[in-house]
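Student: no FASTA, just this:
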């Protein structure tokens, strides 16, 4: 073999071996047009709230007494439903608070020898409809533990107002709320009358009403495995105008202490889809500020709050400018919260104040009647409008119409002051209050900024 031919032979042999080795050692690659599938960890972090409603009335007896409720808000991890509405939750009464000396004295004066205790609860077991039991470690958010209603924007204003796309979607949200609360065994009228009668007795039991809502935060993460991320082509494009999202309030608000301009944050609790395309995952955040904060004032003028969210922060940190409106909010039934069409919230007064004040004033006038006009009822009726015990005893034993006039005037004046002249109610939104937020037009910020923890 000539030197030149041998050189060519070795050259081709070397190239052939290299190609064979390359085929054996190279990893398989995907076409650039087909990105690798991503996997999402379905984990609920510590601090995730669960909204639980007691599904039946509980007569409070002792610490350790069991309670039972159901989930009234679904729980998502990124874009997957992990705990559906209706999941059963069991717990116990963890603590019965003490009655202060002042409360006990006022109770005695009003012939209430068993004033209400502060009741703390803990939820410890979750039963998902598929049969799985999950052990829970929770802490109930301060301010929860009351009967709640869903207030929506403009529900007390003229029906002829033009509704936005987001406000129209609130109809479905209200129906969803009603369906969730159907799990609760609400007492009938006869039962409510009996309960009211029991509450007027000097010694009476204490109850946790059916429908009482608790916001229980997870103290340990819950792991539901992993799932592939699908339909994410529109992720991060921003919510289209007219979208409605559910969110948990991160920053507690109180019209008596919150200042105008204070920062407000909310955590989106459910993913937002446009058809099958994922627009916003659970865990996205909204940032805004308080536009108006007015504490409750004299002459029974209630507190007011107005907030606006102007920034949307995606889980990876991308920030977008948004225009939003507060379309709905859960609030304690006793607060009678009302939302106007601009998203402002105020506490309205109960109509029962007119009836209670009229009754007190009527008894006061009866107590001031002459003895020949009202017989022996005047002193007793007049006395009961003040502190029940002192007034009733004085009316029965003293039989003085002059005393009856003083006591009845005091009782009637007290009722008028409390219901019409005194300070009104403040708007209070504790942490994890559920809000329904609508979106308008959107513009992108020039550069992402880190979310401030």
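Tutor: Received the coordinates, thanks. Only a predicted model underlies this, so the values are computations on that prediction, with no experimental measurement involved.
Student: only C-alpha atoms for contact and neighbour calcs from this point on.
Tutor: OK.
Student: Point out the other helices and strands that the helix or strand residue 170 falls within packs with.
Tutor: If you go by DSSP states H and E, residue 170 is part of helix 165-181. Applying 3 or more C-alpha pairs under 8 Å, 6 or more residues apart in numbering; DSSP states H and E, we find helix 165-181 packed against strand 146-152, strand 244-249, strand 319-332, strand 434-444.
Student: What residues of it count as buried?
Tutor: 166, 167, 169, 170, 173, 180, 181 (16 or more other C-alpha atoms under 10 Å).
Student: what pLDDT, on average, does that helix get?
Tutor: Average pLDDT, helix 165-181: 83.
Student: Can you pull out the residues in contact with that helix?
Tutor: 72-73, 85-86, 150, 152-153, 211, 241-244, 327-328, 436, 438-439 (C-alpha atoms under 8 Å, 6 or more residues apart in numbering).
Student: 6 Å - rerun?
Tutor: The contact list for helix 165-181, computed with C-alpha atoms under 6 Å, 6 or more residues apart in numbering, reads 72, 242, 243, 244, 438.
Student: Looking at those, which two lie furthest apart in space?
Tutor: The largest separation in the contacts of helix 165-181, counting by C-alpha to C-alpha, is between 72 and 242 at 24.5 Å.
Student: Pick out whichever of the two has more residues nearby.
Tutor: Ranked by neighbour count (other C-alpha atoms under 10 Å), residue 72 and residue 242 place residue 72 first, with 26 against 17.
Student: Against residue 340, how distant is the more buried one?
Tutor: 25 Å (C-alpha to C-alpha, to the nearest Å).
Student: Same check on residue 108?
Tutor: Taking C-alpha to C-alpha, one finds residue 108 at 42 Å from residue 340.
Student: now do residue 177
Tutor: 20 Å.
Student: Give the bridge partners for residue 151, please.
Tutor: residue 329 (DSSP bridges).
Student: Looks like it contacts residue 331 (just checking).
Tutor: No: using C-alpha atoms under 6 Å, residue 151 is not in contact with residue 331; the gap is 7.1 Å.
Student: Just give me the neighbour total for the nearest residue to residue 118 once chain neighbours are set aside.
Tutor: Counting by C-alpha to C-alpha, 6 or more residues apart in numbering, residue 118 lies nearest to residue 97, which is 4.8 Å off, once chain neighbours are set aside. Look at residue 97: counted by other C-alpha under 10 Å, it has 11 neighbours.
Student: Could you check the pLDDT of residue 97?
Tutor: pLDDT at residue 97 comes out at 93.
Student: Would you check how far apart it and residue 143 are?
Tutor: Counting by C-alpha to C-alpha - residue 97 and residue 143 are separated by 15 Å.
Student: what's the answer for residue 244, then?
Tutor: Distance from residue 244 to residue 143, by C-alpha to C-alpha: 26 Å.
Student: Provide a list of residues in contact with residue 92.
Tutor: 64, 65, 66, 67, 121, 122.
Student: beta partners for it?
Tutor: With DSSP bridges as the rule, residue 92 is bridged to residue 66, residue 122.
Student: any idea how far residue 132 is from it?
Tutor: The gap separating residue 92 from residue 132 is 20 Å, by C-alpha to C-alpha.
Student: same question, residue 275
Tutor: Residue 275 is 30 Å from residue 132, by C-alpha to C-alpha.
Student: Likewise for residue 288?
Tutor: The value you get for residue 288 to residue 132, if C-alpha to C-alpha is used, is 39 Å.
Student: Kindly report the same for residue 112.
Tutor: From residue 112 over to residue 132 (counting by C-alpha to C-alpha), the distance is 45 Å.
Student: more neighbours, those two?
Tutor: Shown here are residue 112 and residue 132; by other C-alpha under 10 Å, residue 112 has more neighbours (20 against 9).
Student: ok, the closest residue in space to residue 280 that isn't next to it in sequence - how many residues close by?
Tutor: Nearest non-adjacent residue to residue 280, counting by C-alpha to C-alpha, 6+ apart: residue 272, 4.9 Å away. Counted with other C-alpha under 10 Å, residues neighbouring residue 272 total 22.
Student: In this structure residue 272 contacts residue 279, no?
Tutor: Yes: using C-alpha under 6 Å, residue 272 makes contact with residue 279 at a distance of 5.5 Å.
Student: just checking, what packs against the helix or strand containing residue 345?
Tutor: Following DSSP H and E, one finds residue 345 within strand 344-347. In terms of contacts (3 or more C-alpha pairs under 6 Å, 6 or more residues apart in numbering; DSSP states H and E), strand 344-347 is packed against strand 304-313, strand 337-339.
Student: What's the mean pLDDT across the shortest one?
Tutor: Mean pLDDT, computed over strand 337-339, is 81.
Student: do stretch 194-204 as well
Tutor: Mean predicted confidence for stretch 194-204 is 82.
Student: Identify the residues contacting it?
Tutor: For stretch 194-204, contacts defined as C-alpha under 6 Å, 6+ apart pick out 111, 112, 113, 114.
Student: Of the residues you listed, keep whichever come out buried.
Tutor: Using 16+ other C-alpha under 10 Å, the buried ones in the contacts of stretch 194-204 are 111, 112, 113, 114.
Student: Farthest pair within those residues?
Tutor: Largest pairwise distance in the buried ones among the contacts of stretch 194-204, by C-alpha to C-alpha, is 9.0 Å, between 111 and 114.
Student: show me where the stretch 151-300 of the chain has helices.
Tutor: Ranges of helices in the stretch 151-300 of the chain, per DSSP state H, counting those that start in this stretch, are 165-181, 189-199.
Student: Sort out which residues of the shortest one are buried, please.
Tutor: Counting neighbours by 16+ other C-alpha under 10 Å, one finds that the buried residues in helix 189-199 are 195, 199.
Student: Start the count at 871 instead of 1 going forward.
Tutor: Taking 871 as the first residue, the last one we looked at is helix 1059-1069.
Student: what about the closest residue to residue 1293 other than its chain neighbours, how many neighbours?
Tutor: Nearest non-adjacent residue to residue 1293, counting by C-alpha to C-alpha, 6+ apart: residue 1168, 4.2 Å away. By other C-alpha under 10 Å, 12 other residues sit near residue 1168.
Student: Isn't residue 1168 up against residue 1296?
Tutor: No: using C-alpha under 6 Å, residue 1168 is not in contact with residue 1296, being 11.7 Å away.
Student: on that earlier part again, if you count surrounding residues, which of residue 1114 and residue 1013 has more?
Tutor: Neighbours were counted for residue 1114 and for residue 1013 using other C-alpha under 10 Å; residue 1114 has more, 25 against 16.
Student: Against residue 1085, how distant is the more buried one?
Tutor: In terms of C-alpha to C-alpha, residue 1114 sits 22 Å off from residue 1085.
Student: Over to residue 1049?
Tutor: For residue 1049 relative to residue 1085 (C-alpha to C-alpha), the value is 19 Å.
Student: Please apply the same query to residue 1078.
Tutor: 15 Å.
Student: Those two: who's more crowded?
Tutor: Using other C-alpha under 10 Å as the criterion, residue 1078 and residue 1085 rank with residue 1085 on top: 24 against 17.
Student: partners of that one in the sheet?
Tutor: residue 921.
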